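# Following is a predicted model, sequence given first.
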Protein chains: 2
Amino acid sequence: MAKVAVLGYGTVGSGVVDVLDNNALEIEKSAGEKLELKYILDLRDFPGDKHETQVVHDINIILDDPEIEVICETMGGLEPAFSFEKSALERGKSVCTSNKELVAVHGPELVELAKKNGASYLFEASVGGGIPLLRTINDSLKHEKIDSITGILNGTTNYILTKMDKEGIGFATVLKAAQDKGYAEKNPEADVEGYDACRKIAILSSLMSGKHVNYEDIYTEGISRISIEDFAYARKLGMSIKLLGMCRKNENGFFSIVAPFLIPDENPLANVNGVFNAINVHGNMVGDVMFYGRGAGKNATASAVVADVIDIIKHKGKHINVNMNAEKAVLSPKDNAVRKFFVRVPSENKEQAYDVFGQGIVEVTSENVYNEFAFITDDISEKDFDEKLWRFDSVKGYIRLY
Amino acid sequence: MAKVAVLGYGTVGSGVVDVLDNNALEIEKSAGEKLELKYILDLRDFPGDKHETQVVHDINIILDDPEIEVICETMGGLEPAFSFEKSALERGKSVCTSNKELVAVHGPELVELAKKNGASYLFEASVGGGIPLLRTINDSLKHEKIDSITGILNGTTNYILTKMDKEGIGFATVLKAAQDKGYAEKNPEADVEGYDACRKIAILSSLMSGKHVNYEDIYTEGISRISIEDFAYARKLGMSIKLLGMCRKNENGFFSIVAPFLIPDENPLANVNGVFNAINVHGNMVGDVMFYGRGAGKNATASAVVADVIDIIKHKGKHINVNMNAEKAVLSPKDNAVRKFFVRVPSENKEQAYDVFGQGIVEVTSENVYNEFAFITDDISEKDFDEKLWRFDSVKGYIRLY
């Protein structure tokens, strides 16, 4: 019988408790022993709740209890979650969490702390919700030379982009509807500006590099400047527009970015719609492997937390190795990345477009958009593109090509 | 240093050797020790090959060598592969294989034999090629109540269906082109009649049920009767036609089938094109999780074999539990499965169609197909559908709806 504590009885925390209740037999079969929920830490009381007697308000009750082997931190935010996790690991208790913010900022040092204390620190639920991604990278694909990870990592923005695409409705209107439905936060910045996807690709970049990739070093663009005209062109091109988080090895090390990309419809990422997430991992021998599922949601995320708990119980007394340490990773500069760009300028700048970007640009037209000149550049570095774009008085928009 | 033998130096076997060579460092990091390829069993010699000195012709050299801990069986076929695997397991050597035929027929008894001898029997590469599927079901998703597994499990048929769909070319012509390109075998029966997909869904059905599902008990239809007219209708319906292997829990136990299905374009399986495979697993808490990748090919398949080798080395001296035993599973009869069907009959049978299937049927038209009446039935059991279909003198075709 292994004893578990859950910190935070909110959406994910109560989901974890539900999974422990509903799937107790399957969990026992998988872990090799019964799991018992001994404490739930929360500031609130939950009178009438099935688990009300397990609710405590003082973290020390949990930390001081030698029976507790695993702590699920499902509070979110940096503090007090960070202090609680650190204290638990220092006492040799293993921790698993869905807290992507905390993992992005402190994950690598917490992995090291876990190792030092013979405990484990796992965070499957922090990226891709219920999708069994991190364990697969860390386990089934660990013998691969992984040279890129590319993902649709945020369900809210993917829902918005899908609606804009399929229904031809503008960003602001779709966002409002998403907020009314509870698919987007009242303050949607973290999602629509790409910050959430940035935390997640930072975690994946750290795993890929084995070092600590600071999310603040990752160039991040959101989706708020994507318009229905962009989708009209995309359809014409046989492409889709998706907010991608991307981490790629190159000659100089590796490079991460979060931005909207035009993706050809043949690419399976182009067909990931609605609130779903998908992550493509490319290994030198296996080629492309893609994982798809709900990137958020109570039960899916909770299922991933419980998978970590089981892994910890199965490896009792052992540190489960995670390919990450606290050494700072140096990303190769965005400036050097070479790609094609889709650009829209006013009609009167057509000649200038050829002058600035050369005769090799390819014009794109759409029946539904007038009074502008849209084109795709040749391969060009981000730095050169930036410089050339500044020469125009007015630019209606641009999107990178995948 | 763990010592490994490869049986069969063909496509997959030589891929395994390549992975061991190319990714030696990553493999050591993952397994916790170096892996050494000690023997390659093959009838042929390979003069000039990098590994020519490791080639042996007598299985007993391998079986009698106490240093050999893991055997990769990449010969294919039932015999002598079965005898070789059995002898290895009886001597406590672990076995991993890509041999789907053998796993479908003898997998469960070999798992039991491995357990009895403190060895492991793994077969990740037998389903979905390089896709890390079985380990994920057996590990990250083991605490889920999995109620369905649905997959595009055969790359050749998916390539043919994709070509028919995108280019409007008939089955026979596409098959011929696929054979010329080496995507389809000269004798294509195993692929196009669904036998290969049937072996794979049998393995997945066994894993899901924990018993032995005999592939001969699984109702199997291939794709040879799918026409470009079917695709014209499918496009009109916003659907795609895919050969699916499916295993579903129902009130009476569970049910497996291999057949072409019409799938709505919103379903990610509808967008899996070309030689790719994809498998959707549905769990009670995690919901839908889909895995996508190359279902065949030397390096992808070999990478999955090596992942098994590493797993075995990491769990040295332990039996890795696989949810399968030799007890025969009883599938619930196909007759009871209820679904909608798409049916095409000659124009003159329109009235009869309403008479037989009721007024609730929905007519489907396509600009490109004449002189026939196409419709979608209401929900109906397979048995009732069969009976009703027999009442028509002539049926141009039917496809199940997903």
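Nice, I can see it. Being a predicted model, the structure only gives us computed values, none of them experimental.
# Contact distance from chain B - what residues of the stretch 201-350 of chain A qualify?
Contact residues (Cβ under 8 Å from any Cβ of the partner chain) of the stretch 201-350 of chain A with chain B: A:266, A:268, A:271-273, A:276, A:283-294, A:297, A:299-300, A:302-304, A:306-307, A:310. Quick note: C-beta positions are derived from backbone N, CA and C, even for glycine.
# Then the stretch 1-150 of chain A?
Residues of the stretch 1-150 of chain A lying close to chain B by Cβ under 8 Å from any Cβ are A:15, A:18-19, A:22-23, A:26-27, A:29-31, A:124, A:130-132, A:135-136, A:139-145.
# And for the residue in the stretch 301-402 of chain A that chain B sits nearest to, the neighbour number?
Residue nearest to chain B within the stretch 301-402 of chain A: A:Ser303 (4.1 Å; Cβ to the nearest Cβ). A:Ser303: 33 surrounding residues under other Cβ atoms under 10 Å in any protein chain shown.
# so the most centrally placed residue in chain A is in which element?
Centroid-nearest residue in chain A, with Cα atoms, centre = their mean: A:Lys200, separated by 3.2 Å. Element membership for A:Lys200 (DSSP states H and E) is helix A:195-209.
# Repeat that for A:Asp378.
Assigned by DSSP H and E, A:Asp378 belongs to neither a helix nor a strand.
# Which residues belonging to the helix or strand of chain A with the lowest mean pLDDT are considered buried?
The helix or strand of chain A with the lowest confidence, counting by mean pLDDT, DSSP states H and E, is helix A:171-181 at a mean of 92. For helix A:171-181, a neighbour-count test (16 or more other Cβ atoms under 10 Å in any protein chain shown) marks A:Phe171, A:Val174, A:Leu175, A:Ala177, A:Ala178 as buried.
# Which strands or helices does it pack on?
helix A:155-167 (3 or more Cβ pairs under 8 Å, 6 or more residues apart in numbering or on different chains; DSSP states H and E).
# would you list every one of the helices in the stretch 201-350 of chain A?
Along the stretch 201-350 of chain A, counting by DSSP state H, counting those that start in this stretch, helices occupy A:228-237, A:298-314, A:350-357.
# try the stretch 51-200 of chain A
For the stretch 51-200 of chain A, the helices defined by DSSP H, counting those that start in this stretch cover A:59-63, A:81-90, A:100-116, A:134-138, A:155-167, A:171-181, A:189-192, A:195-209.
# which helices and strands does the longest one pack with?
Helix A:100-116 is packed against helix A:81-90, strand A:94-97, strand A:121-122, helix A:195-209, with contacts defined by 3+ Cβ pairs under 8 Å, 6+ apart.
# in it, what counts as buried?
Buried positions in helix A:100-116, judged by neighbour count with 16+ other Cβ under 10 Å: A:100-115.
# State the mean pLDDT of that helix.
Across helix A:100-116, pLDDT averages out at 97.
# Now do it and helix A:195-209, the angle between them.
Orientation check (axes from the mean of the first three to the mean of the last three Cα atoms, to 10 degrees): helix A:100-116 against helix A:195-209 gives 30 degrees.
# quick one: helix A:100-116 to helix A:81-90, angle?
Relative orientation of helix A:100-116 versus helix A:81-90 (the same axes, to 10 degrees): 20 degrees.
# how distant is helix A:100-116 from the center of its chain?
16 Å (Cα atoms, centre = their mean, to the nearest Å).
# What's the per-residue pLDDT of A:Tyr354 here?
A:Tyr354 carries a pLDDT value of 97.
# Give me the number of neighbouring residues for it.
Residues within reach of A:Tyr354, counting by other Cβ under 10 Å, total 15.
# A:Asp58 too?
10.
# Next one: it from A:Asn280, what distance?
44 Å (Cβ to Cβ, to the nearest Å).
# just A:Gly295 next, same as before
According to Cβ to Cβ, A:Gly295 stands 14 Å off from A:Asn280.
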